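>>> Generate a structure from the sequence data that follows.
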Amino acid sequence: MGHGGTFAMSAGLRGNVGTLRRLEQTIRELPRTLAHEVASASASTITELARRTFNASQNAYGDAWDVGAEGQRVTMRKSGRAAAGLAYVATGTRLRSKLGPHYMRYQVGKRNIFPRAGAKLPALYVEALAAKGRAVIAAHLAGALR
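The predicted structure is shown next:
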């Protein structure tokens, strides 16, 4: 090893050992880091899908909500707080749903707003999550190749 943390190999490769070690660490952490990025980017994507079906008075699978007590179409859009509060948030590599205003927890039993826990995800969610994942990974790989 030469001076200042550089090394030389018989093939003529020269470099800074610290830089190579940082690169090695980055490569080791890539799956975890990338999973966090995909989850974070996906949260806003499926939040938009949830708000779209909510605004259409549908559950996450596209089925219309049950009608109200007097046979009317239920919208839950009186003030706009309910729709604005619906969101998915990323916590590490996991996505969780957030209902917003406290009174929304009473509506969840009557009207499925988010996909049912443990049930198959709606096709639109699967397609959107796959597309967002591919985009994040492609951007990450493109950045690594620069």
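>>> Next, the buried residues of the strand or helix carrying H140.
Per DSSP states H and E: H140 is located in helix 123-144. When burial is assessed from 16 or more other C-beta atoms under 10 Å, helix 123-144 yields the following buried residues: Y125, A128, L129, K132, G133, V136. C-betas here are computed from N, CA, C, even on glycine.
>>> Could you do stretch 88-99 as well?
So stretch 88-99, judged by 16+ other C-beta under 10 Å, has buried residues Y88, A90, L95, S97, L99.
>>> Return the member of the residues you listed nearest to G143.
A90 (20.1 Å; C-beta to C-beta).
>>> which SS state does the closest one fall under?
For A90, the secondary structure call by DSSP: H, G, I helix; E, B strand; the rest coil comes out as strand.
>>> One more: A84?
A84 - assigned by three-state DSSP - is helix.
>>> With N55 as the reference, measure out to it.
11 Å (C-beta to C-beta, to the nearest Å).
>>> What are the contacting residues of stretch 51-60?
49-50, 62, 64-65, 73-77, 82-83, 86, 111-115, 122, 125 (C-beta atoms under 8 Å, 6 or more residues apart in numbering).
>>> List only buried entries from these.
49-50, 65, 76, 82-83, 86, 111-115, 122, 125.
>>> from those, which is closest to A39?
Distances from A39 to these, taken by C-beta to C-beta, are shortest for Y125, at 13.6 Å.
>>> So what's the residue count around the spatially closest residue to the closest one that is not a sequence neighbour?
Closest residue to Y125 in three dimensions, ignoring its sequence neighbours and counting by C-beta to C-beta, 6 or more residues apart in numbering: I46, at 5.6 Å. Residues within reach of I46, counting by other C-beta atoms under 10 Å, total 23.
>>> picking up where we left off before, what helices or strands is the helix holding H140 leaning on?
helix 17-55 (3 or more C-beta pairs under 8 Å, 6 or more residues apart in numbering; DSSP states H and E).
>>> All set, thanks.
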